[in-house]
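*Asks:* sequence first, then the predicted structure:
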Amino acid sequence: GRHQFFATFLGNYGRAAAALGAASVDTIGNLQGRVRYDLFLAKRWSVFGMVTARHDPFQRLDLRLNVDPGVAFYVINRKKEQLRVEAGYDFQFDVRDPDSAVELEMDGSPVYDAQGNFIPLPRTRITHAARLFGGYSNRVSEAVSFATGLEYLQSLLQSQRWRLNWDTSFTTLLVSKLSLSATFTLRMDNDPLPGVKHLDTITSLNLVYRFL
């Protein structure tokens with residue numbers, strides 16, 4: 001039909017020890033939800049609106065909210081295979097962890113003022129960006145599917161502020177609506193929050209349940 005709605009919620013959590021016998025510590029912990037609506041104007045063209053919210057302590061983010069309106073063109077639009085490209089606008093609203101909202105030296109140590117206090121940074125940051133995306137999905141069989149997508153976000157206000165996101169998944173159906181999915185996620189941020197690395201990758205195995 002002309003109308004298409006999509007919603008997903010993901011969570012990752014993990015612990016690890018640096019050496020045998022050492023105490024384990026949290027190594028990953030994030031939550032992400034996304035909703036999207038497409039209105040198809042023709043067989044290969046749609047306009048869409050998408051909202052994504054993410055909580056990621058290891059990226060020093062209490063909240064990252066993205067609002068993405070845009071247009072999509074389906075190069076391949078078959079029932080079991082799709083290849084699409086998207087272009088649009090991205091509004092990003094970050095709420096930083098209070099501990100990261102301070103100015104840091106190059107070595108990661110805090111910067112102090114003349115009175116010996118931390119120099120605070122705003123806890124929130126807004127970014128206006130252009131968004132480009134390319135995605136491919138293939139339902140290899142009734143039980144096996146593959147999907148990958150690459151997203152590029154370029155700030156419209158500061159040229160050095162850009163992000164690259166790449167997601168790949170391989171999913172196999174276990175029973176009915178329950179599947180096992182192996183995923184790889186790469187996030188590259190050229191202008192990250194203080195004390196956060198430019199590159200973050202996650203490899204995981206997930207149980208996925210489809211409600212519809």
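*Replies:* Okay, I see it.
*Asks:* what is the burial count for residue 15?
*Replies:* Burial measure for residue 15: 11 neighbouring residues, criterion other Cβ atoms under 10 Å. To be clear about C-beta, it is placed using only N, CA and C from the backbone, and glycine gets the same treatment.
*Asks:* you'd agree it is up against residue 29?
*Replies:* No: with contact defined as Cβ atoms under 8 Å, residue 15 does not reach residue 29; the gap is 9.2 Å.
*Asks:* overlap of the contact sets of these two?
*Replies:* Where contact means Cβ atoms under 8 Å, 6 or more residues apart in numbering, no residue is in contact with each of residue 15 and residue 29.
*Asks:* against residue 131, how distant is the most centrally placed residue in the chain?
*Replies:* In the chain, the C-alpha nearest the mean C-alpha coordinate belongs to residue 165, at 6.4 Å (Cα atoms, centre = their mean). In this structure, residue 165 and residue 131 are 10 Å apart, going by Cβ to Cβ, to the nearest Å.
*Asks:* what touches both of the two?
*Replies:* Residues touching both residue 165 and residue 131 by Cβ under 8 Å, 6+ apart: 151, 153.
*Asks:* is it true that residue 174 touches residue 180?
*Replies:* Yes: the pair formed by residue 174 and residue 180 meets the contact definition of Cβ under 8 Å, at 5.7 Å.
*Asks:* low-scoring pLDDT stretches of this structure, where are they?
*Replies:* Where the chain drops to pLDDT under 70, the residues are 100-113, 116, 118-120, 194.
*Asks:* how does it look with 80?
*Replies:* Low-confidence segments of the chain, defined by pLDDT under 80: 1, 12, 14-22, 25-28, 98-122, 193-196, 211-212.
*Asks:* what about residue 193, how many residues close to it?
*Replies:* Counted with other Cβ under 10 Å, the burial measure for residue 193 works out to 18 neighbours.
*Asks:* secondary structure element holding the nearest residue to residue 56 once chain neighbours are set aside?
*Replies:* Setting aside the residues directly before and after it, residue 56 is nearest to residue 30 in space (Cβ to Cβ, 6 or more residues apart in numbering), at 4.1 Å. With secondary structure defined by DSSP states H and E, residue 30 is part of strand 25-40.
*Asks:* name every strand pairing with that strand and say which way it goes.
*Replies:* strand 3-16 (antiparallel), strand 45-56 (antiparallel) (DSSP bridges).
*Asks:* for residue 114, which of these is the nearest?
*Replies:* Across the strands paired with strand 25-40, the minimum distance to residue 114, taken as Cβ to Cβ, is reached by strand 45-56, at 34.3 Å.
*Asks:* and the next helix or strand after that closest one, which strands flank it?
*Replies:* Once the chain leaves strand 45-56, the next helix or strand it forms, by DSSP H and E, is strand 61-77. Using DSSP bridges, the strands paired with strand 61-77 in its sheet are strand 45-56 (antiparallel), strand 81-96 (antiparallel).
*Asks:* before we move on, the earlier item: run a quick neighbour tally on the residue nearest to residue 56.
*Replies:* Other residues within reach of residue 30, judged by other Cβ under 10 Å, total 19.
*Asks:* burial check on residue 20, number of neighbours?
*Replies:* What residue 20 shows, counting by other Cβ under 10 Å, is a neighbour count of 5.
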